[in-house]
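model this:
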Amino acid sequence: MRKIDFEKELNKEQHKVVTAGQGPHLILAGAGSGKTRTLVYRVAWLIDQGVSPDKILLLTFTNKAANEMKERVRNILALQPDQKLPVWGGTFHSINNRLLRIYGHYLGVQKNFTILDAEDSKSLLKDIAKSFLSVLPQGRRPSVNILRETISFAINSNVVLAKSLERKFPEWLPLLEIFEKIAAEYKKRKQASNNLDFDDLLLYGKILSEHPEAGKMLSKKWEYILVDEYQDTNTLQAQFVYNLAKEHENILVVGDDAQSIYSFRAADIKNILDFPKVFTKTKTYKLETNYRSTPEIIALANIVIADNVNQFEKNLESINPQFIKPELVAHHSSVDEAHWITDRIEGMLADGVEPTEIVVLFRAAHNSQNLEMELNKRGIVYQMRGGLKFFERAHIKDIIAWLRIVANHKDEVSWSRILKLYPGIGPATVQKIYREIAGLEDLKNFDKLELRISRAALEGWQQTSKTIAKIIPEIKAGPADLIRILLEDYKDHLTRQYADYRQRQDDLEQFAIFASRYHDLTEFLNEVSLQENFQVQTDANTEQEKLGVILSTIHQAKGLEWTGVFVMNLTDKSLPHPLAVSEAEQEEERRLFYVAITRAKRHLYLSYPLSEFKYNGYQSLKPSQFLSVLDSKFLNFNHLAKSATYQDEDIGYSLDDSTGDFWDEDKPQTRRSTKSGSFLPDVEDW
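Numbering: from 1, shown residues only. Now for the predicted structure:
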């Protein structure tokens, strides 16, 4: 093991953390400040000080991170391949799995228990739910995904099922009693078969740490506990850590409250904010030296996050040389925004920037549609993070199948897709129904069909018929009108079937908006087919796709970095999310914006459209309220006006090329100059 010069190999902030003595320590690690380096050197320093490696526990959120950290510790210590490093390192789930194999008998958990993965869990829940939901009409039964997410959120948030259902799916509250019975039976069946699911690993781990005998052994098992990404812990994880460390208090947690963005997964920012209250002897350290981004990007990030009240104040400083300012770009429409971003991407690629060093970030997946179409048209390969590409998504394909049936009622592939959506209709019944439909002259005669199918299948066909009956009077309508008619019934399917049905509804609303540009259904379906063809070509070369430009939700981008970052659709309808109304929710949305900004190393573009095409023409959009605090000294503003002064009665804004002023036409007093001060109207002035 080599002699390490910790002072030389670390900056001053990191060195203070790494060589901190005993007791509780809270490390507030700003974006790009080298927190992983600090953690691994802390482990190395403890070992260098004579602490036995097996007395150190390192908790992370991915096994990959834990393994990489342990490998880095080996490299720092210059251990030989045959030298063991028995540090306990892993995710909360993997560590609890190991502990329950050893100490689970204290809770009645047999050590040979099997772990249910996500699919196993859904399969068991589906089997249980059949008997409880059979009393309800086929079209009014929650899906297994909704059941599973409700139960999971309740466990991880440590709340009763009613609170979880109210938070996640309030529209299903009338079925609370059935949800509770299913959850109870699910727990009973798991116990009877010696199964634990992923949530159980956390729950039983926490209970084990509280057990009079087992808890006492665990509190002495490790002398030092280190936790990464502490701002992402949920109630069970924070309680587990507290129980392990409360006796010796040798706990060091690293995190950034400014990057706490996962409350929808039950992460609780209070865990990091209240850490000094839980461990009253806590010493707090700040890592504020940023190695990732330019000073201009960091200055902007500091301004954005400063408006949050519930936070630890930090002031990041970049060590990188001065560079160009980030750019804020206003576009006349969402289509213009997609064109401009694609132009810039082409320019960056021409300048030699690697495609995988370019990312476009957005608040919600449906924001990407216009951009995906433009990238496809120009032959720019891209990869989607955090979800499928727009025209790959099942709900989009379902509506397209319906539209193809309207255009060609003998489309067998589309009928097969649609009919299988309905309960009771299997492949054999699909063929029976299709043979009858194919014999019709047109769809208007569908009510003359005489089908000999089972009672269960008949119920599904009746739901199909209900939708067809709505379509027939509007069969010559434009594609957008047809989509809106289809959504009336399809939304019920989404609500029943998918836990993320709200996001899927947003996708379909965006799809309808796209369709409103077309008056002819055939022309529209031809355009859709071209998009699908682009997708097939991309799928044929998955290795090429992996090397493409990246499109990602902001949530999926946390922890990553790119040379060039575009943050698009920064409007009041997107960021903050319209459903984020409380102060806590607004602050999390601001943290989300902060995370997006701090992904950029050199080039940062903030972008928003001032209008979007709706069914009845262009409608105005307002810039995100988070942009109103920005000052022109931190960035360049490009408003892309079409003429010296651009005005649009529907949009209701003005942009003056000669002065750079931006104002609401109805309120001339809101005119602000981009030359100095805030260049956006105050939010309350709109």
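
okay, how far is it across stretch 403-423, tip to tip?
21 Å (CA to CA, to the nearest Å).

give the rounded mean pLDDT of that stretch.
Mean per-residue pLDDT for stretch 403-423: 80.

buried ones in it, by neighbour count?
Buried residues in stretch 403-423, counting neighbours by 16 or more other CB atoms under 10 Å, are found at 403-406, 409, 411, 414-419, 421-422. C-betas here are computed from N, CA, C, even on glycine.

take those and keep only those in helices.
Within these, residues falling in helices by DSSP state H are 403, 404, 405, 406, 414, 415, 416, 417, 418, 419.

so what are the sheet partners of the helix or strand harbouring residue 57 and their directions?
In this assignment (DSSP states H and E), residue 57 forms part of strand 56-60. Sheet pairing of strand 56-60 (DSSP bridges) gives strand 88-91 (parallel), strand 224-227 (parallel).

where does this structure have low pLDDT?
For the chain, residues meeting the criterion pLDDT under 70 lie at 1, 138-139, 386-387, 448, 530-545, 613-617, 639-686.

restricting to C-alpha, output the biggest strand by length in it in CSV.
Ordering each strand of the chain by length in residues (DSSP state E) puts strand 600-609 first. Below are the C-alpha coordinates for strand 600-609, written out as CSV (Å, rounded to 0.1, in the frame of the first residue of the first chain):
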residue,chain,number,x,y,z
ALA,A,600,-23.3,21.9,-19.5
LYS,A,601,-19.5,22.0,-19.7
ARG,A,602,-19.0,24.7,-22.4
HIS,A,603,-22.1,25.5,-24.4
LEU,A,604,-25.5,26.2,-22.9
TYR,A,605,-28.6,27.2,-24.8
LEU,A,606,-31.9,28.0,-23.0
SER,A,607,-34.8,28.1,-25.4
TYR,A,608,-38.6,28.8,-25.4
PRO,A,609,-41.3,29.3,-28.0
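
that strand pairs with which strands, parallel or anti?
Strand pairing (DSSP bridges) places strand 600-609 next to strand 327-331 (parallel), strand 562-567 (parallel).

any chance of the strands paired with strand 56-60 in CSV with mean neighbour count and distance to residue 205 as columns?
Listed next are these as CSV, based on neighbours: other CB atoms under 10 Å; distance: least, CB to CB, whole Å:
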stretch, mean neighbour count, distance to residue 205
strand 88-91, 22, 11
strand 224-227, 23, 14
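
Throw these into JSON lines and include distance to residue 171, thanks.
Listed next are the strands paired with strand 56-60 as JSON lines, based on distance: least, CB to CB, whole Å:
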{"stretch": "strand 88-91", "distance to residue 171": "33"}
{"stretch": "strand 224-227", "distance to residue 171": "37"}
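
and those: which comes nearest residue 247?
strand 224-227 (11.1 Å; CB to CB).

so after that closest one, what's the next helix or strand?
helix 235-245.

check which helices and strands that next one is in contact with.
Helix 235-245 sits against helix 92-103, helix 144-157, helix 198-210, helix 214-221, strand 224-227, strand 251-255, helix 270-273, with contacts defined as 3 or more CB pairs under 8 Å, 6 or more residues apart in numbering; DSSP states H and E.

same thing but at 7 Å, please
helix 198-210, helix 214-221, strand 224-227 (3 or more CB pairs under 7 Å, 6 or more residues apart in numbering; DSSP states H and E).

out of those, indicate the one that is most buried.
Sort these by mean neighbour count, taking mean count of other CB atoms under 10 Å, and strand 224-227 sits at the top with a mean of 23.

how far does that one sit from the chain's center?
28 Å (CA atoms, centre = their mean, to the nearest Å).

and for stretch 341-350?
With CA atoms, centre = their mean, you get 26 Å for stretch 341-350.

hmm, back to that, can you list the strands paired with strand 600-609 in JSON lines and add distance to residue 53 and mean neighbour count?
Listed next are the strands paired with strand 600-609 as JSON lines, based on distance: least, CB to CB, whole Å; neighbours: other CB atoms under 10 Å:
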{"stretch": "strand 327-331", "distance to residue 53": "49", "mean neighbour count": "22"}
{"stretch": "strand 562-567", "distance to residue 53": "36", "mean neighbour count": "24"}
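
residue 548: which of these is closest?
Residue 548 lies closest to strand 562-567 among the strands paired with strand 600-609, at 12.9 Å (CB to CB).

okay, the closest one in PDB with CA atoms only?
Provided in PDB are the C-alpha atoms of strand 562-567 (Å, rounded to 0.1, in the frame of the first residue of the first chain):
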ATOM      1  CA  TRP A 562     -22.100  17.200 -21.900                       C
ATOM      2  CA  THR A 563     -20.100  19.700 -23.900                       C
ATOM      3  CA  GLY A 564     -23.200  21.300 -25.400                       C
ATOM      4  CA  VAL A 565     -26.600  21.400 -23.600                       C
ATOM      5  CA  PHE A 566     -29.900  22.700 -25.000                       C
ATOM      6  CA  VAL A 567     -32.800  23.200 -22.500                       C
END
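
picking up where we left off before, turn the helices and strands packed on helix 235-245 into a markdown table, columns for distance to residue 513.
Listed next are the helices and strands packed on helix 235-245 as a markdown table, based on distance: least, CB to CB, whole Å:
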| stretch | distance to residue 513 |
| --- | --- |
| helix 198-210 | 38 |
| helix 214-221 | 55 |
| strand 224-227 | 44 |
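
for the ones you listed, which one sits closest to residue 323?
Ranking the helices and strands packed on helix 235-245 by proximity to residue 323 (CB to CB) places strand 224-227 first, at 34.5 Å.

what's the closest one in contact with?
Contact partners of strand 224-227, identified using CB atoms under 7 Å, 6 or more residues apart in numbering, comprise 39, 42-43, 46, 51, 55-59, 241, 244-245, 250-254.

how about 8 Å then?
Under the contact criterion CB atoms under 8 Å, 6 or more residues apart in numbering, strand 224-227 has outside partners 39, 42-43, 46, 51, 55-59, 233, 241, 244-245, 250-255.

so which of the helices and strands packed on helix 235-245 comes closest to residue 7?
Using CB to CB, those put strand 224-227 closest to residue 7, at 20.6 Å.

what about the residue nearest to residue 286 when sequence neighbours are not counted, distance to residue 57?
Using CB to CB, 6 or more residues apart in numbering and skipping the chain neighbours, the partner closest in space to residue 286 is residue 28 (4.8 Å). Distance from residue 28 to residue 57, counting by CB to CB, to the nearest Å: 21 Å.

now do residue 433
Distance from residue 433 to residue 57, by CB to CB: 60 Å.

again, but for residue 308
With CB to CB as the criterion, residue 308 and residue 57 are 31 Å apart.

which of these two has more neighbours?
residue 57 (22 against 17; other CB atoms under 10 Å).

thought residue 485 was touching residue 469?
No. Using CB atoms under 8 Å, residue 485 is not in contact with residue 469; the gap is 10.5 Å.

for the most centrally placed residue in the chain, I want the exact helix or strand it lies within.
By CA atoms, centre = their mean, the mean C-alpha position of the chain lies nearest to residue 555, the distance being 3.9 Å. In this assignment (DSSP H and E), residue 555 forms part of helix 554-557.

ok, residue 525 - contacts?
400, 403, 404, 407, 479.

need the residues you listed in CSV with distance to residue 328, can you?
Converted to CSV, the contacts of residue 525 look like this (distance: CB to CB, whole Å):
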residue, distance to residue 328
400, 36
403, 38
404, 42
407, 43
479, 35
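
ok, so of the residues you listed, who is nearest residue 361?
Of the contacts of residue 525, the one sitting nearest to residue 361 (CB to CB) turns out to be residue 400, at 27.0 Å.

what is the burial count for the closest one?
Residue 400 has 21 nearby residues by other CB under 10 Å.

now do residue 349
By other CB under 10 Å, the residues close to residue 349 number 16.

next one: the one 4 residues further on
A count of nearby residues for residue 353, using other CB under 10 Å, gives 18.

okay if I get the buried residues of stretch 403-423 as TSV plus distance to residue 455?
Formatted as TSV, those follow (distance: CB to CB, whole Å):
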residue	distance to residue 455
403	30
404	29
405	25
406	28
409	26
411	27
414	25
415	21
416	21
417	23
418	20
419	16
421	18
422	13
